[in-house]
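>>> just coords:
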């Protein structure tokens with residue numbers, strides 16, 4: 001069905017509603033018969049459809065548009081996930097471009113006899129592709145919380161896509177809008193301190209995604225004089241940190257995150273520090289996943305730190321390997337050859353294990369191994385080598401299998417070091433058997449590393465890490 005306000009539709013509003021609702025319930029509510037959920041969703045669509053009709057008809061001015069957008073946002077927020085999927089399908093269909101205009105523009109491009117005709121046809125196509133969906137979303141910018149509403153809506157959209165592939169076009173149009181609104185030039189870098197507004201501090205605790213903040217004392221330790229925390233904010237979201245990074249100012253690179261998180265550790269003099277360790281980077285908005293913010297954040301933070309603390313020479317991370325253990329356990333279960341036969345035999349011999357093929361898997365299956373000094377030391381060499389292989393060689397398509405590695409390598413860092421039992425928390429052991437990696441940012445190299453990574457997937461790594469593949 002074609003939705004064009006300038007062309008009268010032969011169906012009445014009730015007939016259009018019935019037509020679309022039949023299609024939506026078939027895909028979103030497959031259960032036979034009209035369940036209570038079906039009836040509730042139908043009532044919701046009945047309330048929202050007239051508002052969409054008013055938008056298509058361009059009724060009212062800015063005040064009316066703002067009030068109408070507020071009503072739509074309230075109805076959407078009050079809906080459950082299946083109902084939200086139905087609303088998103090309705091928006092996709094109701095605000096589609098004019099198909100006849102699209103086909104005419106495409107035909108004109110295919111039939112263009114010269115460059116002038118091709119240029120004119122391309123202009124027609126661009127106009128035809130300027131779907132009403134983008135204009136529909138843009139009106140929510142009129143609301144005080146409209147930008148946050150669209151971010152949350154995109155999170156719902158991303159979650160619904162596997163079951164609702166027809167929503168892909170809606171995602172593309174919404175992405176274009178948010179990418180323009182969240183252009184790095186519009187974002188403001190702010191340092192967060194213990195004296196920042198309580199609302200901001202509460203959100204740091206809620207949004208911390210790498211090393212959970214256990215208490216207010218824990219947060220205060222992370223914001224002490226030898227620490228820094230920076231976040232990006234958008235002018236329309238002044239109380240919502242979009243992404244933030246936590247930094248420790250030290251002499252030398254630590255080999256354990258527990259040392260960084262120890263509330264009883266002595267406070268260092270930041271002006272004597274030579275190393276800035278980025279130990280936690282958290283994206284706070286699920287709806288902005290895939291819209292890059294981290295690259296510019298790290299570069300601007302490094303610039304700010306170098307200006308304030310000129311003795312700093314090293315800018316590096318202490319990062320988790322969130323997918324390492326899952327990859328390793330799957331590889332061991334499939335009995336893939338992960339290490340040279342001589343090394344697996346040596347490991348089995350050191351433990352007195354009769355079968356080199358399963359010695360590593362059996363050792364890791366023992367829950368007490370981290371506390372067994374002899375066993376942990378025997379595991380150090382093979383596990384560190386396997387971590388190097390995971391970071392430098394294991395890929396999903398053209399990208400590193402590990403998402404944290406992909407983030408830092410795409411930003412131009414290099415894999416600098418691998419630390420054994422650097423995160424002995426329950427989460428660290430569950431994700432990576434306690435192994436952590438350090439990615440180093442050398443400002444003279446980041447742009448070249450970034451370009452090589454984009455062009456051919458090249459992974460920059462120190463010789464120390466490369467030798468582990470030996």
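Cool, got the structure. In this text, all values refer to a predicted model and were calculated from it rather than measured experimentally.

>>> mind listing what's buried in the helix or strand hosting residue 53?
Following DSSP states H and E, the helix or strand that holds residue 53 is helix 36-56. Across helix 36-56, burial judged by 16 or more other CB atoms under 10 Å covers 38, 41-42, 44-45, 48-49, 52-53, 55-56. Placement of C-beta: from N, CA and C, glycine included.

>>> Next: stretch 179-187.
Neighbour-count burial for stretch 179-187 [16+ other CB under 10 Å]: 181-182, 187.

>>> Then stretch 106-124?
Quick answer for stretch 106-124 (16+ other CB under 10 Å): 108-109, 121, 124.

>>> Next one: the residue of the chain positioned farthest from its centre from residue 170, what distance?
Distance to the chain centre peaks in the chain at residue 113, reaching 45.5 Å (criterion: CA atoms, centre = their mean). Distance of residue 113 to residue 170, computed by CB to CB, to the nearest Å: 36 Å.

>>> One more: residue 158?
11 Å.

>>> Leaving out sequence neighbours, find the closest residue to the spatially most central residue of the chain.
Centroid-nearest residue in the chain, with CA atoms, centre = their mean: residue 289, separated by 3.5 Å. In this structure, residue 289 finds its nearest non-sequential neighbour in residue 158, 6.5 Å apart by CB to CB, 6 or more residues apart in numbering.

>>> And the one you found, which helix or strand is it part of?
Applying DSSP H and E, one finds residue 158 within helix 146-160.

>>> Mind checking the pLDDT average for that helix?
For helix 146-160, mean pLDDT rounds to 95.

>>> List the buried residues for it?
Buried residues in helix 146-160 (16+ other CB under 10 Å): 146-154, 156-158, 160.

>>> re earlier: so for the helix holding residue 53, mean pLDDT?
87.

>>> How about the contacts made by residue 71?
By CB atoms under 8 Å, 6 or more residues apart in numbering, the contact list for residue 71 reads residue 51.

>>> secondary structure element for it?
Counting by DSSP H and E, residue 71 is found in helix 62-77.

>>> Could you do residue 388 as well?
Residue 388 belongs to helix 373-392 when assigned by DSSP H and E.

>>> what sits up against that helix?
Counting by CB under 8 Å, 6+ apart, 321, 323-324, 327-328, 338-339, 343-344, 347, 350-351, 360, 363-364, 366, 369-370, 400-402, 405, 415, 418, 420-421, 432-433, 435, 437, 459, 461, 465-466, 468-469 sit against helix 373-392.

>>> hang on, the earlier thing: between which two of the buried residues of stretch 106-124 is the distance greatest?
The most widely separated members of the buried residues of stretch 106-124 are 109 and 124, with 8.2 Å between them, by CB to CB.

>>> Can I get the buried residues of helix 146-160 in a markdown table including distance to residue 233?
Shown next, in a markdown table, are these (distance: CB to CB, whole Å):
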| residue | distance to residue 233 |
| --- | --- |
| 146 | 16 |
| 147 | 12 |
| 148 | 12 |
| 149 | 17 |
| 150 | 17 |
| 151 | 13 |
| 152 | 17 |
| 153 | 20 |
| 154 | 18 |
| 156 | 23 |
| 157 | 24 |
| 158 | 23 |
| 160 | 28 |
